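Engineer: quick one, what's the 3D model for this:
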Amino acid sequence: MSTATEAPAGASPRAPRSPLTTVRAYVALTKPRIIELLLVTTVPTMVLAADGWPDPWLLVATVLGGALSAGGANAFNSYLDRDIDAVMKRTSRRPLVTGEASPRGAIVFAWVLSVGSTLWFWFVVGSPLAAGLSVLAILGYVVGYTMLLKRRTAQNIVWGGAAGCMPVLIGWAAVTQSLAWTPVLLFLIIFFWTPPHYWPLSMRFRGDYGAARVPMLPVVAPSRRVAFEIFAYAIAMVATTVALAFVAGLTWVYLGIALVSGAWFLTGCLSLYRRARRGEARLKEMRLFRDSITYLSVVFAAIMIDPFLPAALSVG
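Structural biologist: Next up is the predicted model:
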């Protein structure tokens, strides 16, 4: 693979890229849309941990540290998976494939973000526990998921996805300097949410994953089985959101939102399973993918507003 400063043999030299184009390429290595989704869970967790708004500086510093940590992990992933990205149509325009970023630059960038985020959590946020959890998240995503699981097992996204659950633990630790059962349940909500979120996307792009020889479950299993497992994980996810109300002493408002949004999402999962069972060609899996994002946003929005509701409404 040629670097950003090298042109393939026989090709005309590329026109120099502007600094802004280079900056955009390296920002793209961090996969900002994934970071946005991770941080959607961090802020509500910090509000819940503080039982109200945490210190504004602590909130901003933790979110920034989380963005640096996730960005570093994603940059490592972009570097390690550049061969796969070149094969898959969905990822063929990523910077390391097009040459807008160089492999050497990407790996240096990933190390800078990862080390910087660790130091940031330790010295600026002032939480060695959050720093340690951030390191575990990076190692889990880069080593556990990208290097060990992704190309070897159909359950890659299940166990590798645990790294994406870490922001809630980090956010809680930043506020309280400790962990408890409440952040563990928040972790489990995201853990059980990951397959119903990612497998519909994998179903849509199973051809890409198959061409890249990545054994995502939709590549190696029939749609009926994939849809059944999606439904099973969704049931566990909704059950965990309900349990959170009682463990964390949340209000009936949260519990009502959790039950209604859970029923809505389960209906979508069941509909996918029924279509897969009938062998329909159009499974509408991308609708469930988008609905999963909406569902997670609604649940964590309910978590964030709950500390501001009257204590008399508590289910505990």
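
Engineer: doesn't Arg287 lie inside a helix?
Structural biologist: Yes - under DSSP: H, G, I helix; E, B strand; the rest coil, Arg287 falls within a helix.

Engineer: tally of neighbours for the closest residue to it other than its chain neighbours?
Structural biologist: In space, and not counting its chain neighbours, Arg287 is closest to Gly268: 7.1 Å by Cβ to Cβ, 6 or more residues apart in numbering. For glycine as for every other residue, the C-beta is placed from the backbone atoms N, C-alpha and C. Residues near Gly268, counting by other Cβ atoms under 10 Å, number 21.

Engineer: and for Ala180?
Structural biologist: For Ala180, using other Cβ under 10 Å, the count is 12.

Engineer: apart from its chain neighbours, what residue comes closest to it?
Structural biologist: Nearest one to Ala180, counting by Cβ to Cβ, 6+ apart, is Trp172 at 7.4 Å.

Engineer: and that neighbour, its phi and psi?
Structural biologist: phi -60, psi -40 (degrees, to the nearest 10).

Engineer: OK, contacts around it?
Structural biologist: Thr45, Met46, Leu48, Ala49, Leu179, Ala180, Thr182, Pro183, Leu186 (Cβ atoms under 8 Å, 6 or more residues apart in numbering).

Engineer: buried only: go through those for me.
Structural biologist: Among the contacts of Trp172, those buried by neighbour count (16 or more other Cβ atoms under 10 Å) are Thr45, Met46, Leu48, Ala49, Thr182, Pro183, Leu186.

Engineer: quick one, domains of this protein?
Structural biologist: Following automatic domain parsing, the chain resolves into domains at 20-177, 180-316.

Engineer: can you list the ones you listed in a markdown table and add mean pLDDT?
Structural biologist: Below are those laid out as a markdown table (pLDDT from 0 to 100):
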| stretch | mean pLDDT |
| --- | --- |
| domain 20-177 | 95 |
| domain 180-316 | 96 |
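
Engineer: the contacts of Trp172 in helices, which ones?
Structural biologist: Under the assignment DSSP state H, those contribute Thr45, Met46, Leu48, Ala49, Thr182, Pro183, Leu186 to helices.

Engineer: in what helix or strand does the nearest residue to the second one once chain neighbours are set aside lie?
Structural biologist: Beyond its immediate neighbours in the sequence, the residue positioned closest to Met46 (Cβ to Cβ, 6+ apart) is Gly171, lying 4.5 Å away. Following DSSP states H and E, one finds Gly171 within helix 166-176.

Engineer: would you turn the buried ones among the contacts of Trp172 into CSV with distance to Val63?
Structural biologist: Below are the buried ones among the contacts of Trp172 laid out as CSV (distance: Cβ to Cβ, whole Å):
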residue, distance to Val63
Thr45, 11
Met46, 9
Leu48, 15
Ala49, 14
Thr182, 20
Pro183, 16
Leu186, 16
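
Engineer: widest-spaced pair of those?
Structural biologist: Using Cβ to Cβ, the pair of the buried ones among the contacts of Trp172 lying farthest apart is Met46 and Thr182, separated by 12.1 Å.

Engineer: who does the host helix or strand of Arg33 touch, helix- and strand-wise?
Structural biologist: Using DSSP H and E, Arg33 maps to helix 32-50. Helix 32-50 sits against helix 56-80, helix 166-176, helix 181-204, helix 285-305, with contacts defined as 3 or more Cβ pairs under 8 Å, 6 or more residues apart in numbering; DSSP states H and E.

Engineer: buried sites along it?
Structural biologist: Buried-residue list, helix 32-50, by 16+ other Cβ under 10 Å: 35, 37-50.

Engineer: need the CA coordinates for it. CSV is fine.
Structural biologist: What follows is helix 32-50, C-alpha atoms only, in CSV (Å, rounded to 0.1, in the frame of the first residue of the first chain):
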residue,chain,number,x,y,z
PRO,A,32,-16.5,10.6,14.8
ARG,A,33,-20.0,9.1,14.3
ILE,A,34,-19.1,6.2,16.6
ILE,A,35,-17.6,8.6,19.1
GLU,A,36,-20.9,10.6,19.2
LEU,A,37,-22.8,7.5,20.0
LEU,A,38,-20.5,6.5,22.8
LEU,A,39,-20.6,10.0,24.4
VAL,A,40,-24.4,9.9,24.3
THR,A,41,-24.2,7.4,27.1
THR,A,42,-21.4,9.3,29.1
VAL,A,43,-23.2,12.5,29.9
PRO,A,44,-26.4,10.9,31.3
THR,A,45,-24.3,8.5,33.4
MET,A,46,-22.4,11.4,34.9
VAL,A,47,-25.7,13.2,35.7
LEU,A,48,-27.0,10.1,37.4
ALA,A,49,-23.8,9.6,39.3
ALA,A,50,-23.9,13.2,40.6
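
Engineer: good, we can wrap up now.
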